[in-house]
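> My questions are about this predicted structure, shown below with the sequence.
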Amino acid sequence: MKLYISTPPHIRTNKDTKRIMLDVIIALLPTTLAGIYFFGYRAAIVLAVACVTAVLAEFIWQKLAHQPVRTGDLSALVTGLILGLNLPPTAPWWLACIGSIIAIILVKQLFGGIGHNFMNPAMAARGVLIVSWPALMTAYTLPSVFPALDAVTSATILSDAQVAANYTYMDMFLGNIPGSIGEVSKAAILLGLLYMLIRGVVSWRIPVVFMGVFAALSAIFTGDALSACLTGGVLFGAVFMATDYTTSPMSRLGQFIYAAGCGLMVALIRNFGAYPEGVTFAILLMNIVTPLLDKYIKPRIYGTKGAKKNA
Amino acid sequence: MHSSGEGKKQTRNVPIKTFVSDSVAIPMSMHIGAPSKPCVQKGDKVKRGQVIGEAVGPLGLPIHSSISGEVVSVEERLLFGGAPVVTVTINNDFTDEWVEGIQGHGNVETIDPSLIVPIIRDAGICGMGGATFPTHVKLTIPEGKTCDTIIINGAECETYLTSDYRLMLEKPKRVVDGLRAAMRAINVHRGIIAIEDNKMEAVQAMREAARGRDGVEVCVLRTKYPQGGEKQLIKALTGREVPSGKLPLDVHTIVINAATAAAIADAVIDGLPLTERITTVTGAVNKPSNLQVRIGTMFEDIISACEGYSEEPGKIIAGGGMTGPCTYDDTMPVTKGGGGIVVLSMKDAKCAPESPCIRCARCVEVCPMGLDPFKIKNFCLVGDIKGAKDHYVMDCIMCGSCSYVCPARRQLTAAFKEVKTAIMQEARRQKQ
């Protein structure tokens, strides 16, 4: 008789890294489909290029670096998809390509691969693209199921109150507004969040606190919290990007502080900064704060209340 | 976190059956404390309940023959984990004759309380939930300490195991009697029987049995592993926290497993020493069962009684899936603390390789002690024992929750066990 021997526990959850990543992809499906529905085949091409490049970049890097190939854990696919959803539907294919390579090689692999990147890869790549190609990154078109070749580019609602006045709250909620592929349909994003909450992929803490702080500050700064929440990429960022495991704190208190910081920074940048949208830099900034939060927030350990006094 | 109902379906509705095998192999070390000294030789005739191992040292316990028959060998055998232990092997003559002088006291409410603790010691009773701490030592309150509550642990939060559940369902009065005996022994007026809410039938049975008994109440707990961990149980029931590095008695509480309580009742009421226990046999066996077996019954005999393996076994666990040690073959005996035999198939037995931590914080969320398992694991990886200690690794209760939930399949509990062992060895070295 030959038996395996190990220390307990002998049973494990069936939710491994791959299953979690698959759940994130499933959660991203509604907003992906909504983006393709509103912006047509051009959005589909951007997404496809971003995804394929991300997975290929990871595969090639790990081959060249003689590392175990981990593309099977689907994390590169998630990064590629999220990056694609962060691009405007008018983005040229090479922009998606460069974005994915920056995300996977520069931000993720150079810092040690999955679990070791200090910034959200897709978010950091978007940051690089915004700074490098600002015109291409904000060339939003009006949504159209059959985009004509002469699709009118529009300013984002955020930068122009006149444009904003053209849309109802319902348009903003459903996604019938200009913007990045994944961020327009708030309904689809919330559907994804609901799925992730049910599956236990993320907790409510980061998205709720992020949006709560942001909405409160927006009410103070602009007087219209609802349209602030329904425009731009803030909801997409709060649900899919700020919740990235690797770059958000692991303690509950840390998550509250981190999420509140994100909400605060978005509100400040939107209202007082040079950019119309502040989600990218707000989240990147809080990503960098994460290691500090993890280091200095000490857990409350069972049986240690008052132990220090006795010691 | 999984609910502790996991793996219990196979046996939860299977009534307890008795199984007696042709021979037993009784190890002289089944409790925490020095191994007992064998006092029989090859060829000796022994009767059931006869002392075959004498207690040694302050934490020592006597060991009794669990059958009547002939001693065929007294020699070292390997026990779980590979340590050699002197083991007395006895062939059964199936007369099942008890040793002379067995005399019970009939009623736990009328017995002189000062007799109870010596009876428990002489019956060789230790914690039957797995920790195997001698029960009479637990019930001996040291100078300067007090106890106001005794908790009977019927949570049975371990996966797969249903032996305590069946016991509480089928012999609830025994459990209550054991609790009352313990309460009277140390003059405590509050006794709580704690059961998780996935065992409501047992709750009902226990409530009926406890009706009219002084100071005994049944409390229902939320089903949540590791609810039955001593420290978690005390917190849930009394709101008290056992201080780091201290014992339940430091918060005036004693916790006794349900099976141990029943053994106390057997000893006090009927005068019977501990010679049998209920064990759950489940997993990849053809007939999953709850069996009442004699201490020292071989796993292979028990598995044959359950109509054999249903597929090629990959792992055999002596206990539950979260905390039980696994054995390297099936020639292991049932010990006093052995609540289960869980057979995993080859497929279930294989461990997936570790992959990088994705910082999902699940280990932080589930740790019942509030530790940061991912941080401690990093200290373990670089061999920083001091760092691990400063992050309270010694408070880890080895429940296995962090390893269970880790999506990267990281060996967290195993690493903590290693570093805890190293720290304890170092402390011992410094003492000498």
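Here it is on my side, so go on.
> In contact with the closest residue to B:Met183 other than its chain neighbours, which residues?
Excluding its sequence neighbours, the residue lying closest to B:Met183 (C-beta to C-beta, 6 or more residues apart in numbering or on different chains) is B:Gly191, at 5.1 Å. (C-beta placed from N, C-alpha, C; glycine too.) Residues counted as contacts of B:Gly191 (C-beta atoms under 8 Å, 6 or more residues apart in numbering or on different chains) are B:149-152, B:179-180, B:182-183, B:215-217.
> does the residue in chain A that chain B sits nearest to sit in a helix, a strand or a coil?
Residue nearest to chain B within chain A (C-beta to the nearest C-beta): A:Pro9, separated by 3.3 Å. Assigned with DSSP: H, G, I helix; E, B strand; the rest coil, A:Pro9 falls in the coil class.
> now it, nearest residue through space, not along the chain?
A:Pro9 sits nearest to B:Gly400 (C-beta to C-beta, 6+ apart), 3.3 Å away.
> correct me, but the one you found touches B:Gly324?
No. If you go by C-beta atoms under 8 Å, B:Gly400 and B:Gly324 don't touch, sitting 9.8 Å apart.
> Common neighbours of these two, please.
Common neighbours of B:Gly400 and B:Gly324 (C-beta under 8 Å, 6+ apart) are A:Pro8.
> Verify the stated contact: A:Gly232 with A:Gly179.
Yes. Contact criterion C-beta under 8 Å: A:Gly232 and A:Gly179 qualify, at 7.1 Å.
> what's the average pLDDT for stretch A:3-21?
In this model, stretch A:3-21 has an average pLDDT of 93.
> State the distance from the residue in the stretch 51-200 of chain B that chain A sits nearest to to B:Glu109.
With C-beta to the nearest C-beta as the measure, B:Thr159 is the residue of the stretch 51-200 of chain B nearest to chain A, at 6.2 Å. The gap separating B:Thr159 from B:Glu109 is 37 Å, by C-beta to C-beta, to the nearest Å.
> Of the two, which one has the most company?
B:Thr159 (28 against 11; other C-beta atoms under 10 Å in any protein chain shown).
> Spit out the contact partners of that one.
B:Thr159 neighbours (C-beta under 8 Å, 6+ apart): A:11, B:2, B:4, B:6-8, B:225, B:320-322.
> Out of those, flag the one nearest to A:Lys63.
Minimum distance to A:Lys63 across the contacts of B:Thr159 is 34.5 Å, recorded for A:Ile11 (C-beta to C-beta).
> what sits against the closest one?
A:Ile11 touches B:6-7, B:159, B:321-322, B:348, B:404, counting by C-beta under 8 Å, 6+ apart.
> where does it fall, phi/psi-wise?
For A:Ile11, the backbone dihedrals are phi -120, psi 150 (criterion: degrees, to the nearest 10).
> swap in B:Val74?
Residue torsions, per degrees, to the nearest 10, at B:Val74 are phi -130, psi 100.
> again, but for the one 4 residues further on
Per-residue torsions, B:Leu78: phi -80, psi 130 (degrees, to the nearest 10).
> B:Pro84 is in contact with that one, correct?
Yes. Counting by C-beta under 8 Å, B:Leu78 touches B:Pro84, with 5.7 Å between them.
> ok, these two, which is more surrounded?
Between B:Leu78 and B:Pro84, counting by other C-beta under 10 Å, B:Leu78 is the more crowded of the two (16 against 12).
> related to what we said a few turns ago, same list, the contacts of B:Gly191, but as CSV with neighbour count, distance to B:Cys39 and pLDDT please.
Compiled in CSV, the contacts of B:Gly191 are given as follows (neighbours: other C-beta atoms under 10 Å in any protein chain shown; distance: C-beta to C-beta, whole Å; pLDDT from 0 to 100):
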residue, neighbour count, distance to B:Cys39, pLDDT
B:Thr149, 21, 38, 97
B:Ile150, 27, 33, 98
B:Ile151, 25, 35, 98
B:Ile152, 32, 33, 97
B:Leu179, 29, 32, 98
B:Arg180, 25, 33, 97
B:Ala182, 28, 28, 97
B:Met183, 25, 33, 97
B:Gly215, 15, 40, 95
B:Val216, 22, 38, 97
B:Glu217, 14, 42, 96
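> In terms of pLDDT, where does A:Val148 sit?
You called it Val, but residue A:148 is Ala. Predicted confidence (pLDDT) for A:Ala148: 41.
> and what of the one 3 residues further on?
According to the model's per-residue confidence, A:Ala151 sits at a pLDDT of 45.
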